[in-house]
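A.B. asks: Requesting a structural model of the entry that follows:
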Amino acid sequence: MQKPIAIWLFICCALVFAMVIVGGVTRLTGSGLSIVEWQPLIGAIPPLSQEDWEILLEKYRQIPQYQEVNKGMTLDEFKGIFWWEYFHRLLGRLIGLVYFIPFVYFITRKQVDRALGIKLLVIFILGGLQGLMGWYMVMSGLVNNIYVSQYRLTAHLGLAFVIFAAMFWVATGLLSSRERHQQDRTELQGLRRFSFLITTLIFIMVLSGGFVAGIHAGLAHNTFPLMSGYVLPPDLFVLEPWYRNFFENMTTVQFNHRLIAWTLAFLVPIFWFRARKYTLSSSEQWACHLLLAMLAIQISLGIATLLLVVPLPLAAAHQGGAMLLFTAALWVNRKLS
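C.D. replies: Alright, predicted model coming up:
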């Protein structure tokens with residue numbers, strides 16, 4: 001009876017994936033601050049009259065982003081940014097319902113044992129914290145700042161990936177065959193550690209991508225493979241104290257993102273060649289193939305996004321590609337476990 005639970009979790013994973021895409025577009029279009037109140041319940045109802053729209057626009061006019069970036073914005077222009085943020089929040093509410101209702105159903109029908117129930121409860125709590133984190137992020141752009149804090153944005157993005165990973169891991173664990181676990185798997189211990197390292201690096205690259213998006217670092221040094229003709233740009237450490245450069249200097253933030261990508265471009269093929277030396281099942285081999293292919297696709301999307309100065313469709317695809325690459329890495333870890 002665990003297959004329905006796994007399918008439910010995969011559906012939730014798909015919704016989180018969509019949430020990440022919509023969130024990325026919301027960020028890229030500068031729509032994230034168009035709704036200046038949280039209102040988790042009544043906020044699900046969109047404006048229904050001209051008066052409602054005027055009230056929302058007037059509230060937006062009070063924040064720094066309007067006054068310094070979008071001053072004079074018409075109501076039609078405001079609607080263009082409002083709907084992205086509205087659908088982002090609506091999708092978050094939908095994910096909460098899609099997770100909570102089946103969770104209660106499976107619990108009440110006693111289809112979940114204690115260990116699984118604890119895991120599912122932790123995921124639910126993380127989802128609630130994600131909603132709070134989203135509002136905490138928005139708050140950082142309502143006073144004194146024209147954009148949200150890159151630190152809070154990155155935390156919001158990172159938590160989304162953690163929730164996705166938790167649901168994917170539990171779901172694949174419910175479906176995985178136990179026959180392989182009865183065999184001696186000690187010979188794969190080194191390969192498992194290698195795959196875990198790669199997965200960790202991918203997650204770190206996701207976080208670095210959050211900082212890239214947070215300070216618009218993708219708009220600097222739109223050349224490849226060099227950064228405006230430099231291997232090491234001269235303005236890598238112009239901020240004081242020095243550690244601020246890793247989070248607030250556009251050049252350094254983009255350099256770090258590139259460096260992690262180069263590292264993965266080196267390590268993943270090595271992992272793929274090393275995996276071929278082991279006797280793996282066909283599904284394990286395909287997981288390794290997929291990881292290599294997704295890395296190639298993601299790096300290609302990143303380069304194209306950079307060279308074309310962050311066009312919206314490519315940038316959104318690059319963010320979605322990050323989650324697909326992360327998923328491929330998780331699958332490799334699951335197959336080798």
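
A.B. asks: List the buried residues for the longest helix anywhere in the chain?
C.D. replies: With secondary structure taken from DSSP state H, the chain has its longest helix at helix 75-108. By neighbour count on 16 or more other Cβ atoms under 10 Å, the buried set for helix 75-108 is 78, 81-89, 91-92, 95-96, 99, 102-103, 106. Backbone N, C-alpha and C define where each C-beta goes, glycine included.

A.B. asks: What is the subsequent helix or strand relative to it?
C.D. replies: helix 114-139 (DSSP states H and E).

A.B. asks: what's the angle from that next one to helix 75-108?
C.D. replies: Interaxial angle, helix 114-139 versus helix 75-108 (axes from the mean of the first three to the mean of the last three Cα atoms, to 10 degrees): 160 degrees.

A.B. asks: which residues sit against stretch 61-80?
C.D. replies: 29-31, 33-34, 36, 53-54, 56-57, 60, 141-147 (Cβ atoms under 8 Å, 6 or more residues apart in numbering).

A.B. asks: Contacts for stretch 196-211, please.
C.D. replies: Taking Cβ under 8 Å, 6+ apart as the rule, stretch 196-211 contacts 150, 153-158, 161, 217, 247, 253, 256-257, 260-261, 263-264, 267-268, 271, 291, 319, 322, 325-326, 329-330, 332-333.

A.B. asks: Mind giving me the ChimeraX command for buried ones among these?
C.D. replies: Remark: buried members of those, expressed as a ChimeraX selection using 16+ other Cβ under 10 Å:
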select :150,153,154,155,156,157,158,161,217,247,253,256,257,260,261,264,268,271,291,319,322,325,326,329,330,332,333
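
A.B. asks: quick one: contacts for residue 223?
C.D. replies: Contacts of residue 223 by Cβ under 8 Å, 6+ apart are 229, 306, 307.

A.B. asks: Point out where the stretch 151-300 of the chain drops to low pLDDT.
C.D. replies: Residues of the stretch 151-300 of the chain that meet the criterion pLDDT under 70 lie in 177-185.

A.B. asks: chain center to the longest helix of the chain, what's the gap?
C.D. replies: Computed by Cα atoms, centre = their mean, to the nearest Å, the separation of helix 75-108 from the middle of its chain amounts to 16 Å.

A.B. asks: Is it possible to mark the buried ones in the contacts of stretch 61-80?
C.D. replies: Buried members of the contacts of stretch 61-80, counted by 16+ other Cβ under 10 Å: 29, 30, 31, 33, 34, 36, 53, 56, 57, 60, 141, 147.
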